[in-house]
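J.: okay, sequence plus prediction incoming.
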Amino acid sequence: MRVLVTGGTGFTGKALVRRMLKEGHEVVALDHQEGHKSQELRDWGAELVIGSVTDREVVARCMQGVAVVHHVAAAFRELNLPRSHYRAVNVEGTRNVLDAALAEGVRKFIYCSTCGVHGNVERPPAGEDAPIQPADYYQQTKYDAEPIVQSFLARGLKTTILRPAAIYGPGDPGRFYLIFRQLQRGWFPMFGDGRVLYHPLYIENFLDAFVLAMDESRGLGEAYLIADERYLTIEELVRAAAAAMGVEARFRRYPVWPIVAAGHVVEALCRPFGIEPPIHPRRVDWYRQTRAFRIDKARRDLGYQPRIGLDEGLRRACQWYREQGMLE
């Protein structure tokens, strides 16, 4: 089939493009800018289009002949983005892609949302029916697009929503790399007691969910939490990362609330100058917000089953960082 992947040069999008090509599909990838490894997508055989999901003409051009859409593109947490930008990309951009998909007669539309729509999970583990309480404007606008996606089912477009947990693996420049990098320095700062729950999602497991959701008979109009087999405390996660590196996990422990206050102050001071703050509320939230989920619904409806466990996933991620020269 011809498959469209929006956000195709990002971490998840790029991995998804590669999986779709390996599955034998013809792939067009849409992204708003060239990534530093965009040429890789072209070398693999994908058609890469540079443009925004807010541009209806570009979206319509990418949609020609497409049978399945994986809508991954999003305005993420970038410095100094106005709220209007998040809404334009995450809500109205999604509507543009849906409109074009419906007009083209696309067979299945898969929307990548986020587990963050549930915010801090007060009664873990959470299912899809847990309270919706986004913690920031990115999460809010990702959720605001969900009812729009579902509304297109009645108009004849088959849709499925995936809410991934904390995605990691080879190619990930984010949270898990920061954990490995800090452990390489010989110690890890632990703010609070380290008992907050966290739910990882290895990238290949997430790609499996995308493949399963392509089935036109599965998950129609539904949202699914996608995560690995188990959640664990953040201290257990750091210890597992240390084991993958072959080092000892040494912690320096601090109370959490002073760093929470400092995060807000530092972010406010840096914002007028366009400087990425060294600490900010979102990063501090990792130490105090619970993320733990049930994946029963995805198992039942989609046939989802995580294949790669945490130890193997961390080992593969660590190996990739070392091969890239990002870790010693």
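T.: Alright, I've got the coordinates. Numbering: from 1, shown residues only.

J.: now name the helix or strand holding Gln319.
T.: Under the criterion of DSSP states H and E, Gln319 resides in helix 310-323.

J.: any idea how far that helix is from the chain center?
T.: Here helix 310-323 is found 18 Å from its chain centre; the criterion is C-alpha atoms, centre = their mean, to the nearest Å.

J.: helix or strand: which one has Ala29?
T.: Per DSSP H and E: strand 26-31 holds Ala29.

J.: swap in Glu236?
T.: helix 234-245.

J.: quickly note the distance from Cys318 to Phe11.
T.: Note on Cys318: its distance to Phe11, by C-beta to C-beta, to the nearest Å, is 16 Å. For the C-beta atoms, the positions are set from N, CA and C on the backbone; glycine is no exception.

J.: quick one: the strands in the chain?
T.: Ranges of strands within the chain are 2-6, 26-31, 47-50, 68-71, 108-112, 159-164, 166-168, 188-191, 197-198, 200-202, 223-226, 232-233, 251-254, based on DSSP state E.

J.: the third one: partners in the sheet, and parallel or antiparallel?
T.: When you say that, I think you mean strand 47-50. Strand 47-50 has its sheet partners listed here by DSSP bridges as strand 26-31 (parallel).

J.: just the C-alpha atoms of the strand it pairs with, please, in PDB.
T.: Taking Å, rounded to 0.1, in the frame of the first residue of the first chain, the C-alpha atoms of strand 26-31 are listed here in PDB:
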ATOM      1  CA  GLU A  26       5.400   2.600  -0.500                       C
ATOM      2  CA  VAL A  27       6.000   5.500   1.900                       C
ATOM      3  CA  VAL A  28       5.600   9.300   1.700                       C
ATOM      4  CA  ALA A  29       6.800  11.200   4.700                       C
ATOM      5  CA  LEU A  30       5.700  14.700   5.500                       C
ATOM      6  CA  ASP A  31       7.600  17.000   7.900                       C
END
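
J.: relative to strand 2-6, how tilted is it?
T.: 20 degrees (axes from the mean of the first three to the mean of the last three C-alpha atoms, to 10 degrees).

J.: count the residues that sit near the residue nearest to Leu232 when sequence neighbours are not counted.
T.: Distances taken as C-beta to C-beta, 6 or more residues apart in numbering place Tyr198 nearest to Leu232, at 6.5 Å, with adjacent residues excluded. By other C-beta atoms under 10 Å, the residues close to Tyr198 number 21.

J.: pLDDT weak spots in this protein?
T.: For the chain, applying pLDDT under 70 flags the ranges 36, 77-80, 259-283.

J.: would you map the helices across it?
T.: Secondary structure of the chain (DSSP state H): helices at 11-22, 38-44, 56-62, 83-86, 93-104, 137-151, 175-184, 203-213, 234-245, 257-270, 281-285, 296-302, 310-323.

J.: what's the strand holding Ala29 in contact with?
T.: Strand 26-31 is contacted from outside by 1-10, 13, 17, 20-21, 38, 41, 45-51, 53, 58-59, 62, 66, 73, using C-beta atoms under 8 Å, 6 or more residues apart in numbering.

J.: ok, now with 6 Å
T.: With C-beta atoms under 6 Å, 6 or more residues apart in numbering as the test, strand 26-31 has contacts from 2-6, 8-9, 17, 20-21, 41, 46-49, 62.

J.: over to stretch 154-171?
T.: Contacts of stretch 154-171 with the rest of the structure, by C-beta under 6 Å, 6+ apart, involve 11, 101-102, 108-115, 146, 149, 152-153, 176, 199-203, 206, 209, 213, 216, 219-220, 223-227, 316-317, 320.

J.: circling back to that earlier point, for Thr141, which of the strands of the chain is the nearest?
T.: Checking these against Thr141 by C-beta to C-beta gives strand 108-112 as the closest, at 12.7 Å.
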